[in-house]
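>>> Could you look at this predicted model? Sequence included:
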Amino acid sequence: MGLRVGGVSEEFRKQMLGYGLTTAQILYRMPDHPSLLQTYVWQNYDMFPKFPALTDFLAFWQEKLDGPLHSVTVAHCKLIKPAELRAVDGVFRLH
């Protein structure tokens, strides 16, 4: 669960700013066995279409890690869309 600031999670704040849940399936070559591919799944909130968080992560990967990248497949979903937010007139409690 994310850090809460003023009763609202950091993930919710990001969604309100336009971030969406982004998942990347990263295939990379094993350093000792380049003919073998390994899968790594990365998931974070990121901005479509430039994906700055994913771009930073992949730059870190290429600079610091030994397994060369083979391919990256990205899926992105804005979990909160404007049509999904609406004012509520009342609250009903069921005991």
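Sure, I can see it.
>>> helices and strands of the chain: which one has the lowest mean pLDDT?
strand 4-5 (a mean of 60; mean pLDDT, DSSP states H and E).
>>> Would you mind listing the buried residues in the biggest helix by length in the chain?
Longest helix in the chain, counting residues (DSSP state H): helix 52-64. By neighbour count on 16 or more other CB atoms under 10 Å, the buried set for helix 52-64 is 53-54, 57-58, 61. For the C-beta atoms, the positions are set from N, CA and C on the backbone; glycine is no exception.
>>> Specify which member of those is nearest to residue 40.
Closest approach to residue 40 among those (CB to CB): residue 61, at 8.7 Å.
>>> which stretches of the protein form strands?
Using DSSP state E, the strands assigned to the chain run over residues 4-5, 8-9, 20-29, 37-46, 69-77.
>>> Comparing those strands, which comes out most buried?
Per-stretch averages of neighbours, counted by mean count of other CB atoms under 10 Å, single out strand 20-29 among these, with a mean of 17.
>>> distance between it and the chain's centre?
In terms of CA atoms, centre = their mean, to the nearest Å, the gap separating the centre of strand 20-29 from the centre of its chain is 9 Å.
>>> Stretch 52-61 now?
For stretch 52-61, the distance from its own C-alpha centre to the chain's C-alpha centre is 12 Å (CA atoms, centre = their mean).
>>> now stretch 18-26
Taking the mean C-alpha point of stretch 18-26 and that of its whole chain, the gap between them comes to 3 Å (CA atoms, centre = their mean).
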